[in-house]
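S.K.: just the structure for this:
(2 chains)
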Amino acid sequence: MKFKAPSDVIRMLFLASLYLVAAHLGLLAGPVNGYASLVWAPSGIALGALLILGPSWWPFIFFGAFAANFIHGAPFFAAIGIAIGNALSALIGYSLIKRASFHEGYFGRFTLTLSFLAFGPLLSTLVSATIGVSVLYFTGAVDTRLADTWLAWWLGDMLGDVVVAPAILAFWFNYRKPLLKNPAIQSHSFGVLEWTLLAVSSALIAFLVLEDSVLPFLNTGQKLYFMFPVLIWACLRFDLRGVTIHLLMVASVAIGHVFFHARPGDEALLHHVMTKVQPLLALYSGMALILYALIEESLCTFREKIRWSSDQAFLANAGTTLAHSLDSNKTLRALAGLVVPRLADWCQISLYGEDGALEEQAAIHADPSKIILAERLGESFPPRIEEAPYSDALRTGHFLHILPQDSLHLSRHIQSKEYRELLTELGLWQILIVPFKCVRGPHGVMTLVMSSSTREFSQSDVFLAEELSRIASYAIDNAFLYAKVQNAVRSRDRFLSFASHELKTPLTSLLLQIQLLLSQSVNKEVLDAKLFSKMLAICESQVNRLSALIDRLLDLTRIQNGHLKLNLARTDLSKLTLDVVSKLNPQAVHAGSKLTVADLHSVSGLWDSNQIEHVVSNLLSNAIKYGGGKPIEVGINEDTDFAILTVKDHGVGIAPGDLTEVFKRFKRASTDNKIEGLGLGLYIVKQIVSAHNGEVELESKLGMGSTFRVKLPLRQRQVEPRQKFSTENGGALVI
Amino acid sequence: MLSENSTQILVVEDDEDIRQTMKLALELEGYQVHLAANGLEALKYKDIAPNLRLILLDLMMPEMDGRAFLKTIHEQQLFVGVPVIVLTAAGEKVKPEGSVKLVQKPLDLDFLYSLVKNHAQVPTN
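M.R.: Predicted coordinates for the structure are as follows:
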């Protein structure tokens, strides 16, 4: 036995003294041959103490027993022997009981209680009785009535084990539990009153049974049945403590009764005690404990069943509630409402997009006055999923249970004072972090918190939380996919309206021209050939224009689906640029923005000339549109790896926040409020350039103008262009 | 043939081809056509407004679109008494404020002629 602290020494001494006192009292109470007694409390103390503290505490038994017997007059070696026997008994009892999985003084299972009774009171006590009597015989302290002595010893030890040991265990392990199991009135004094009532009635009933002068027309056996109502009351209303109190009172009354009627050398009484009272008491106590175990076990099973079906109903209801909405925000709120207060005191749920940005949030508290605080916590201090403990939970996909000592530790490490204050207000005792990984949608975490020690997360709570998160993941996935589909449909509608507008424009003039031609040819006899040729030429150019437009629209759909095919051919960028410039020059002049081409180097590369023409054309059109009537400079250059096309305007410019936004589909810069159009130009430029493995750079200043730089690789490292590129915002074109 | 008493029409349209075609079509019917590529250019004709009988206005134009033009002439009381017919390729259904009619593109030639004939009127002073 290693003494870890001074308190251990004190404890050992205390136990030894307790043992000594109990033993002394026991020995005084009319033993057989001076050494055995009716209820040998010390053996119960010994067994109980070892089961609580551990086997290494056996010395207190040894010294206590030795001292008691030696003081009582046993020869030295006899005292030693008896002490050994008692200690050995307790140790054997301890090890056998422990091997039967008995722990924490739990008498709530039938098999465990049976093991306890068999190994403790029944079998281990054989050891102390046998050793004790043998030692006394061999040292000459006792030489007559060995069988009686042995029987008394065994019965006495047995009663000590069966009455005292469970009492010690019951009061030690159930210390914090409430007084009554299912009290109708929640009141401490009511509990105390009932306990007192139990003790008193146990004593009275025991007296009634044992005292022959009470109800003399019934014999003891018949009167025994009166015990049962009290016993059953004890089992149902009280935990083990109540049962052991009942047994202790009965045993005390029995001892008192014998004591009262005893006269020195009264052999008949002794015989009566040993053959009737002791065995009966032992049997009754054992049965009481078994009854308690059986009742507890079936109550437990019953409670489990109720809880199980309640859990199932809860989950079914949860499924319905969560499936109700296709709005992920509503789903989260519904989820929070389900979780609190059944599973936790407060909770916070957050959803994150692929880039880790917080997308949705919900928070709720069982105490309505604290809901705002919970929401504020979620907004100001959302969980950082890249940090532990959230990152661990998301990575493994399993829940994370943070126990009180760890949660305190965590909260001490928080830097922000406001955060710590919020947490204290809301209450932080136990935390359960449940991740949900949606298949396609955003990831999320649900943080459930118990604010105080009155509640704990049980096994079934954790199970329910995990199931809930699974259901929620489906709902969120649904919402996400639904939003995606809606986006795609909107995208398609936008595109269709754009396409139809674009197509109708050349069709308008084409139709008019043809109708004009028709009316002219019908109405006039002399046809103005020159006029006719002019009109037909316009028709032809418009058909070409329509055709080109249709091609462009097809390219657009291919770009949007990521299926752009490039026809790579040797292309002279400067020649191409000059072509586009001359085509757009009238427009530029009209807008007041003179197009000047500077730094024109002849640069060639393996590119799709059609697509590159679109790029140049789009950039120039944009420059004209937003050029504000100021000149536009176009330049072509090259460095070691790239051909560089520069388009510079001095117009309205682009705001810093919009620099990446302008390249997104359907986006127009914030300075643009007069110019209609669908904002696809720059998006197409980016996609085409990316498909060529090139880059687009943009510099701009509001009010000063913008410079676009397109870099096209001179040598294709991979000849095949990138076939698939991501569509942002998760949108897809649906045609 | 054009004469001093020819009905004057203003065509406001950003597409060059459509502009030219409509000019040709209307001139062949004897109207005098003025052209503007967008709302801002159209405003430059405010001085001849008393002589204008009709404005054919496209909606989608750069610089100043059809709606902005209508708002401006309403606020500044320009082109008073001159009916405005709005042309659109965008599938709009509701005619904007200040206009007399909304017409979808592409236009039929006969329809164009009847439209102009019916709506070109002498401005009330």
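
S.K.: quick one: is the longest helix anywhere in chain B near chain A?
M.R.: Longest helix in chain B by number of residues, with DSSP state H as the criterion: helix B:16-28. Yes. Helix B:16-28 is in contact with chain A by C-beta under 8 Å from any C-beta of the partner chain, via B:D17, B:I18, B:Q20, B:T21, B:M22, B:L24, B:A25, B:L28. Just so you know, the C-beta spots here come from the backbone N, C-alpha and C atoms, and that holds for glycine as well.

S.K.: what lies in contact with that helix?
M.R.: If you take C-beta atoms under 8 Å, 6 or more residues apart in numbering or on different chains as the criterion, helix B:16-28 is touched by A:505-506, A:508-509, A:512-513, A:515-516, A:520, A:535, A:538, A:541-542, A:545, B:2, B:9, B:11, B:13, B:33, B:35, B:37, B:56, B:58, B:109, B:112-113, B:116.

S.K.: which residue ranges form the strands in chain B?
M.R.: Secondary structure of chain B by DSSP state E: the strands cover B:8-12, B:32-36, B:52-58, B:84-88, B:101-104.

S.K.: can you lay out the ones you listed as a markdown table showing mean pLDDT?
M.R.: As requested, those are exported to a markdown table (pLDDT from 0 to 100):
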| stretch | mean pLDDT |
| --- | --- |
| strand B:8-12 | 91 |
| strand B:32-36 | 91 |
| strand B:52-58 | 89 |
| strand B:84-88 | 89 |
| strand B:101-104 | 87 |
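
S.K.: could I get those strands as TSV with distance to A:V135?
M.R.: Conversion of the strands of chain B to TSV gives the following (distance: least, C-beta to C-beta, whole Å):
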stretch	distance to A:V135
strand B:8-12	126
strand B:32-36	129
strand B:52-58	122
strand B:84-88	118
strand B:101-104	120
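
S.K.: the strands in chain A, which residues?
M.R.: Remark: strands of chain A, listed N- to C-terminal, are A:346-352, A:358-365, A:400-402, A:430-437, A:443-450, A:569-572, A:595-600, A:604-607, A:632-638, A:642-648, A:695-701, A:705-713; assignment by DSSP E.

S.K.: may I see those strands arranged in CSV, with distance to B:V80 and mean pLDDT as well?
M.R.: Listed next are the strands of chain A as CSV, based on distance: least, C-beta to C-beta, whole Å; pLDDT from 0 to 100:
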stretch, distance to B:V80, mean pLDDT
strand A:346-352, 58, 85
strand A:358-365, 54, 79
strand A:400-402, 75, 79
strand A:430-437, 66, 81
strand A:443-450, 62, 84
strand A:569-572, 55, 88
strand A:595-600, 39, 80
strand A:604-607, 55, 87
strand A:632-638, 39, 88
strand A:642-648, 43, 90
strand A:695-701, 42, 89
strand A:705-713, 39, 90
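
S.K.: take these and write them to TSV, including mean neighbour count and distance to A:R109.
M.R.: Rendered in TSV, the data for these read as follows (neighbours: other C-beta atoms under 10 Å in any protein chain shown; distance: least, C-beta to C-beta, whole Å):
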stretch	mean neighbour count	distance to A:R109
strand A:346-352	25	35
strand A:358-365	22	39
strand A:400-402	18	26
strand A:430-437	22	27
strand A:443-450	24	28
strand A:569-572	14	85
strand A:595-600	14	92
strand A:604-607	20	81
strand A:632-638	21	86
strand A:642-648	21	79
strand A:695-701	16	73
strand A:705-713	22	77
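
S.K.: give the contact list for the closest residue to A:V127 other than its chain neighbours.
M.R.: Ranked by C-beta to C-beta, 6 or more residues apart in numbering or on different chains and with sequence neighbours excluded, the top spatial neighbour of A:V127 is A:S89, at 4.5 Å. By C-beta under 8 Å, 6+ apart, A:S89 lies in contact with A:S43, A:A46, A:S124, A:T125, A:V127, A:S128, A:I131, A:D157.

S.K.: and A:R490, how close does it get to A:W40?
M.R.: The gap separating A:R490 from A:W40 is 88 Å, by C-beta to C-beta, to the nearest Å.

S.K.: for A:L294, same thing?
M.R.: From A:L294 across to A:W40, the span is 28 Å (C-beta to C-beta).

S.K.: roughly how far apart are A:Y106 and A:V9?
M.R.: 30 Å.

S.K.: now do A:L428
M.R.: 39 Å.

S.K.: returning to what we had before: with neighbour numbers in mind, choose between A:L294 and A:W40.
M.R.: Between A:L294 and A:W40, A:W40 has the larger neighbour count (other C-beta atoms under 10 Å in any protein chain shown), namely 31 against 15.

S.K.: report the contact partners of the more buried one.
M.R.: Residues counted as contacts of A:W40 (C-beta under 8 Å, 6+ apart) are A:A23, A:G26, A:W153, A:G156, A:D157, A:L159, A:G160.

S.K.: residues of chain A that sit close to chain B?
M.R.: Along chain A, the residues adjacent to chain B under the rule C-beta under 8 Å from any C-beta are A:497, A:500-501, A:504-513, A:515-516, A:518-520, A:535, A:538, A:541-542, A:545, A:590-591, A:625, A:674-677.
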